[in-house]
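# I need the structure of the sequence given here:
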Amino acid sequence: MSFNHNHYIPCLRWKQGEYLAVLELSSDTKKNITPLIEIPELGWDFKEKKPMKTIDQLLEPFAERVCIKWGREFCFVDVMKNINNSDRMEDGTHPVKFVFEQLRDKKSLAIPVIRLGKDVEYFKAIKEVLKKDKRGICVRINLEQADKKELKENIDLLKSNLEIVVDSCDLIVDLGALNFIPIEGFVKLVYSIFTQLPYLNGWRTVSIIGTSFPETMATLKGGVNIITRYEWELYKKLVAILRKEEKRIPTFGDYTINHPSIISLDMRIVKPSASIRYTVSDKWVIIKGTNYREDPKQYIELSKRLVKTKYYCGKDFSFGDDYIYKCALKQVSHGNLTTWRKVGTNHHIEKLSHDIANHFA
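Next comes the predicted model:
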């Protein structure tokens, strides 16, 4: 597997709205993306005061969903992003080992994501996957780790312990949801750190992901909200500098229409608002309604409102756009919150794949 900056890395927590969005992607878009798939969190049952699922219940359907919704194509899989280091399957198996055994059985071309600073058992499980699948690994580091002097030492230790070479591995620098303002200063910081990365030209692929998507919809007013996509602005400015200096250009990635933080909410109390999250070239258009539970049909009016704006890409642009158009005409169901996460995510991935191709045309 290999790709360059014409590619796109959508980071997905692989909940229902997201994997259904991936299923509806066009074949051309699927060729131009490699999803970074995270195992979702266990969730919390506020009534019973315990996790909503066991680790077995969480992981057992994962591999099948990846293969059915994404297919037997290359993808990055981060098993332990939202799972505790101490979590094990009921029979004692490490989650990494279990997940990749399941993916292997289903002929998936999944590449394990590894994080620095994890425990010994985690690295042992990753090493076992490496030996069996022989597809390399994806090293995922945050900006603070990327800026540390000992990063090369840590990478070299990883190479030695896992018996790998850099050119068979991928590197993802994850900015998360940092403060991108002032943007010019942040570009300089990221440029300085990026160009000093160990083995910059040696990695199989190098990507930068991040987002400025709001952590919660509660801070937004009702109606049309326009939010700048600072991660895309940063990326374009960074690319301009790297091009001028003839340095390696990273692949762009983001968290689609999500914030990376996980907020555990008691859904018996929370009153989620209906909203449509719609990505345009350098912004998000978020059309926010009222309490969804009191009026689920309001998505019809929200769709009408979006279709009438200058931002709407037209019904033929993506599955998501077609659904919005048909919902406005009452030709499909008004759906639920999961439906609209599917719609927004599908449109976002199609839009980013299109915009990246145009940017480097």
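
# all strands for the stretch 201-350 of the chain, in order.
205-209, 223-228, 251-254, 273-279, 283-291 (DSSP state E, counting those that start in this stretch).

# Quick check: which of these is buried the most?
Sort the strands of the stretch 201-350 of the chain by mean neighbour count, taking mean count of other C-beta atoms under 10 Å, and strand 251-254 sits at the top with a mean of 26. For every residue, glycine as well, the C-beta is placed using N, CA and C.

# can you pull the buried residues of stretch 81-99?
By neighbour count with 16 or more other C-beta atoms under 10 Å, stretch 81-99 contains the buried residues 81, 83, 87, 88, 89, 93, 94, 95, 96, 97, 98, 99.

# out of those residues, which are inside helices?
If you go by DSSP state H, the buried residues of stretch 81-99 have 95, 96, 97, 98, 99 in helices.

# so who does the second one touch?
So the one you mean is residue 96. 79, 80, 112, 122, 125, 126, 129 (C-beta atoms under 8 Å, 6 or more residues apart in numbering).

# Do I have it right that the first one meets residue 93?
Pointing back at residue 79 there. No - if you go by C-beta atoms under 8 Å, residue 79 and residue 93 don't touch, sitting 11.9 Å apart.

# Out of the buried residues of stretch 81-99, which comes closest to residue 350?
When the buried residues of stretch 81-99 are ranked by distance to residue 350 (C-beta to C-beta), residue 81 comes first, at 24.8 Å.

# What's the separation between the closest residue to that closest one other than its chain neighbours and residue 140?
Once flanking residues are discounted, residue 81 sits nearest to residue 38: 4.5 Å by C-beta to C-beta, 6 or more residues apart in numbering. Distance of residue 38 to residue 140, given as C-beta to C-beta, to the nearest Å: 10 Å.

# now do residue 41
For residue 41, the distance to residue 140 - C-beta to C-beta - is 17 Å.

# In the longest helix belonging to the chain, which residues are buried?
As assigned by DSSP H, the longest helix anywhere in the chain is helix 337-359. Of all the residues in helix 337-359, those buried under the rule 16+ other C-beta under 10 Å are 337, 339-356.

# just to revisit the earlier point, overlap in contacts of residue 38 and residue 140?
Common contact partners of residue 38 and residue 140 (C-beta under 8 Å, 6+ apart): residue 78.

# hey, where'd the helices end up in the stretch 101-250 of the chain?
Assignment of helices within the stretch 101-250 of the chain using DSSP state H, counting those that start in this stretch yields the ranges 120-133, 143-146, 151-162, 183-195, 230-244.

# same question for the third one, mean pLDDT?
So the one you mean is helix 151-162. Here helix 151-162 scores 93 as its mean pLDDT.

# Kindly report the same for the first one.
When the per-residue pLDDT values of helix 120-133 are averaged, the result is 94.

# which residues touch residue 312?
The neighbours of residue 312, taking C-beta under 8 Å, 6+ apart as the test, are 278, 306, 321, 324.

# Same question for residue 236.
The neighbours of residue 236, taking C-beta under 8 Å, 6+ apart as the test, are residue 359.

# let's go with 6 Å and repeat that
Applying C-beta atoms under 6 Å, 6 or more residues apart in numbering to residue 236 gives no contacts.

# Okay, now the unreliable bits of this protein?
The chain contains residues with pLDDT under 70 at 44-49, 263-270.

# Can you say which helix or strand has residue 10 in it?
strand 8-12 (DSSP states H and E).

# That strand versus helix 337-359: what angle between them?
Angle, strand 8-12 to helix 337-359, by axes from the mean of the first three to the mean of the last three C-alpha atoms, to 10 degrees: 160 degrees.

# Just after strand 8-12, pick out the following helix or strand.
For strand 8-12, the following helix or strand on the C-terminal side (DSSP H and E) is helix 16-23.

# so residue 37, which of the three states?
Of the three states, residue 37 takes strand according to DSSP: H, G, I helix; E, B strand; the rest coil.

# Name the residues that touch the strand holding residue 10?
Residues outside strand 8-12 that contact it (C-beta under 6 Å, 6+ apart) are 18, 33-37, 207, 209, 251, 253, 255-256, 349, 352-353, 356.
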